[in-house]
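# I'll drop the sequence and a predicted model, then ask my questions.
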Amino acid sequence: MEQSPSLKKTLPNGFDRNICSQSSIFAASFINKLTQMDKSILAGRINKMSESATLKMTGLSRALREQGVDVITLSIGEPDFNTPQKVKDAAKEAIDANQTHYPPVPGLPELRQAIAGKLKRDNGLSYNASQIVVSNGAKQSIANVFMCILNKGDEVIVPAPYWVSYPEMVKMADGEPVFINAGIEENFKIKPRQIEAAITPKTKAVIFSSPSNPTGSIYSKTELEALAAVFKAHPDVLIISDEIYELIIFSGRHESIASFEEVKEQVVVVNGVSKGFAMTGWRIGYIAAPQVIADACNKIRGQYTSGASSISQMAAIEALNASPEESNDLIEMVSAFKQRRDLLIRLVKEIPGFKTNTPEGAFYLFPDISDYFGKTNGKTTISNSNDLCLYLLDEAHVALVPGEAFGAPGCIRISYATSVDKIETAVNRIAEACKNLK
Ligand code: PMP
Ligand code: GLU
């Protein structure tokens, strides 16, 4: 049977073309129609949303690597460590015990209990298991909250530099991100008076991460207390506290804004197992929230996704039931990150025009590179951090993420979740390529 040209195009290599049935020909003509459709089919909310810059740069570097180019990827934020063996074993046992059915929508009771226990043990926070909702990663947890609280035109205050997905998630839920800024001189941390000035009658929430992606900055207990004092005067403003990097800190203790009783009822704590347990692919995140928000997120999940993977949830129970203080895997990982951070800062400081501070957590350095704006190698002129990242990908074969994506156009994000050797080679290459910009 003769196939339509479009089907030939869409069939992968090695596919046995003779087994094509009438129905697959029909399916192919349907696919053909879909591929001919233009973007007018898409909803406005998709058109106003940007692609994730972290994932885009990582995709570009993967594509170059597939073409045989030796690219060093410092664009993705995920630990290069393996999931601890005990956690993997728990998942294997879950499969053998046939834990393979739909789990309850807000999470397995044992996992919600383990999360409540973790919040008490590590953060001194009291939550009932009913206030905890497990999702497919912290990313989805945050998106759920915005879907639950935002009406058209509601504002969410987003301190910049921010994680790439916050403003896009707000827009997806028909809200308006309102930005306030802090530069490298302030260690990228906003002041309480900036929050106070940004609050309007339309403000529904504020979202920030500490430790921060992309800056690695951490709000101290005193700084959080000062922010809490502002929020106390605005009890209708929800504080979305993204604590996904909680376990990756290089000194002191992690503090949650939820520990201030005067605002606890306003806080949604967001966390997950991706970073601290090197479990990015398992896709388990969660919120601990006022009951009304938890119930709403549960309702959304019931219609959108059902529960998160039952096997991953069993693995997450194993991860969260152990105290981080006794986890050798975590201690080794954090000590490796600290060593790499120190190395990276030392090397980057030697590149003329790169201004850095000292991040206290996560695994990112966020240097100010605005000195390069207006410089050229004769072929390419650098007008912004996006240009510099593309130039460095092209000339140095190092993938980084432009600061524009994080609301800080003078900076670039370097992830040091990779080996010391790769860090050294990458920074040498960056330095060489930058020498040619005059
Ligand atoms: N918040 C921040 C600040 C992050 O960097 C990430 C990493 N992707 C997430 C949330 C989402 O994490 P995940 O969905 O992997 O749990
Ligand atoms: N949080 C990581 C990053 O910022 C993972 C990629 C993503 O989900 O954006 O690189």
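Perfect, thanks for sending it. Ligands and ions are numbered 1, 2, ... in the order given.
# For stretch 87-106, buried residues please.
Buried residues in stretch 87-106, counting neighbours by 16 or more other CB atoms under 10 Å, are found at Val87, Ala90, Ala91, Ala94, Gln99, Pro103, Val105, Pro106. Heads up, the C-betas are built off the backbone N, CA and C, glycines and all.
# For that stretch, the averaged confidence score.
If you average the pLDDT over stretch 87-106, you get 98.
# go on, stretch 184-200?
98.
# For the residue of the stretch 1-150 of the chain found nearest ligand 2, grab the count of nearby residues.
Nearest residue of the stretch 1-150 of the chain to ligand 2, counting by CB to the nearest ligand atom: Gly77, 2.9 Å away. Using other CB atoms under 10 Å, Gly77 has 23 neighbouring residues.
# what about it, which SS state?
The assignment at Gly77 comes out as coil when based on DSSP: H, G, I helix; E, B strand; the rest coil.
# give me phi/psi at the nearest residue to it once chain neighbours are set aside?
By the measure of CB to CB, 6 or more residues apart in numbering, the closest residue to Gly77 outside its immediate chain neighbours is Ser415, 5.3 Å from it. Backbone torsions of Ser415, given as degrees, to the nearest 10, read phi -90, psi 130.
# so what's Ser415 bridging to?
For Ser415, the beta-bridge partners are Tyr364 (DSSP bridges).
# Which of the buried residues of stretch 87-106 fall in helices?
Among the buried residues of stretch 87-106, the members found in helices (DSSP state H) are Val87, Ala90, Ala91, Ala94.
# Please list all residues in contact with the second one.
This points to Ala90. Met314, Ala315, Ile317, Glu318 (CB atoms under 8 Å, 6 or more residues apart in numbering).
# if we go to 6 Å?
Shown in contact with Ala90 (CB atoms under 6 Å, 6 or more residues apart in numbering): Met314, Ala315, Glu318.
# interface residues of the stretch 201-350 of the chain facing ligand 2?
Asn213 (CB under 6 Å from any ligand atom).
# Near ligand 1, which residues of the stretch 201-350 of the chain? Just list them.
Ser209, Asn213, Asp242, Ile244, Gly272, Ser274, Thr280, Gly285.
# The fourth one is in contact with Ala138, isn't it?
Yes: in this structure, Ile244 is within contact of Ala138 by CB atoms under 6 Å, at 4.8 Å.
# Could you name every residue contacting both of the two?
With CB under 6 Å, 6+ apart, Ile244 and Ala138 have common neighbours Gly272.
# pLDDT on stretch 117-126, on average?
98.
# Report the backbone C-alpha coordinates of it in PDB.
Output of stretch 117-126 as PDB, limited to C-alpha atoms (Å, rounded to 0.1, in the frame of the first residue of the first chain):
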ATOM      1  CA  GLY A 117       7.600  14.300  60.300                       C
ATOM      2  CA  LYS A 118      10.400  15.800  58.200                       C
ATOM      3  CA  LEU A 119       9.000  19.300  58.600                       C
ATOM      4  CA  LYS A 120       8.800  18.800  62.400                       C
ATOM      5  CA  ARG A 121      12.300  17.200  62.700                       C
ATOM      6  CA  ASP A 122      14.200  19.400  60.300                       C
ATOM      7  CA  ASN A 123      12.300  22.700  60.400                       C
ATOM      8  CA  GLY A 124      10.400  22.700  63.700                       C
ATOM      9  CA  LEU A 125       7.100  23.100  61.700                       C
ATOM     10  CA  SER A 126       3.900  21.500  62.800                       C
END
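# Tell me the buried residues in that stretch?
Lys118, Leu119, Asp122, Asn123, Leu125.
# For Pro235, state which of those is nearest.
Leu125 (18.8 Å; CB to CB).
# Now that closest one: closest residue in space that isn't a chain neighbour?
Leu119 (4.3 Å).
# who touches the one you found in this structure?
Leu125, Tyr127, Ala288.
# Which helix or strand contains it?
helix 109-123 (DSSP states H and E).
# Show me what the next helix or strand after that helix packs onto, helices and strands only.
Counting by DSSP H and E, the next helix or strand C-terminal to helix 109-123 is strand 132-135. The elements that strand 132-135 packs onto, with contact taken as 3 or more CB pairs under 6 Å, 6 or more residues apart in numbering; DSSP states H and E, are helix 109-123, strand 285-288, helix 291-304.
# secondary structure class for the residue nearest to Val206 when sequence neighbours are not counted?
Ranked by CB to CB, 6+ apart and with sequence neighbours excluded, the top spatial neighbour of Val206 is Ile157, at 4.1 Å. Put simply, Ile157 is strand when judged by three-state DSSP.
# now Ile157: how far from ligand 2?
20 Å (CB to the nearest ligand atom, to the nearest Å).
# Ala296 now?
Distance from Ala296 to ligand 2, by CB to the nearest ligand atom: 24 Å.
# so where does the closest residue to that residue other than its chain neighbours fall, helix or strand?
Excluding its sequence neighbours, the residue lying closest to Ala296 (CB to CB, 6+ apart) is Cys148, at 3.9 Å. Secondary-structure element containing Cys148, defined by DSSP H and E: helix 137-149.
# Same question for Tyr166.
Going by DSSP H and E, Tyr166 is part of helix 165-172.
# what about that helix and ligand 1, touching?
No: using CB under 6 Å from any ligand atom, helix 165-172 stays clear of ligand 1, coming no nearer than 7.1 Å.
# so how far is that helix off the chain centroid?
Centroid separation for helix 165-172 versus its chain: 12 Å, with CA atoms, centre = their mean, to the nearest Å.
# So what touches that helix?
Counting by CB under 6 Å, 6+ apart, Arg45, Lys48, Met49, Ser50, Ile142, Ala143, Phe146, Val156, Val158, Pro177, Ile207 sit against helix 165-172.
# Equivalent analysis for stretch 302-315, please.
87, 90-91, 94-95, 99, 102-105, 108, 111, 134-136, 282, 284.
# If you count neighbours, what's buried in it?
Gly307, Ala308, Ser309, Ser310, Ile311, Ser312, Gln313, Met314, Ala315.
# Ends of that stretch, what's the gap?
End-to-end span of stretch 302-315 (CA to CA, to the nearest Å): 22 Å.
# give me every residue that touches whichever residue of the stretch 51-200 of the chain sits closest to ligand 1.
Closest to ligand 1 within the stretch 51-200 of the chain is Gly137: 2.6 Å, counting by CB to the nearest ligand atom. Residues counted as contacts of Gly137 (CB under 6 Å, 6+ apart) are Arg283, Gly285.
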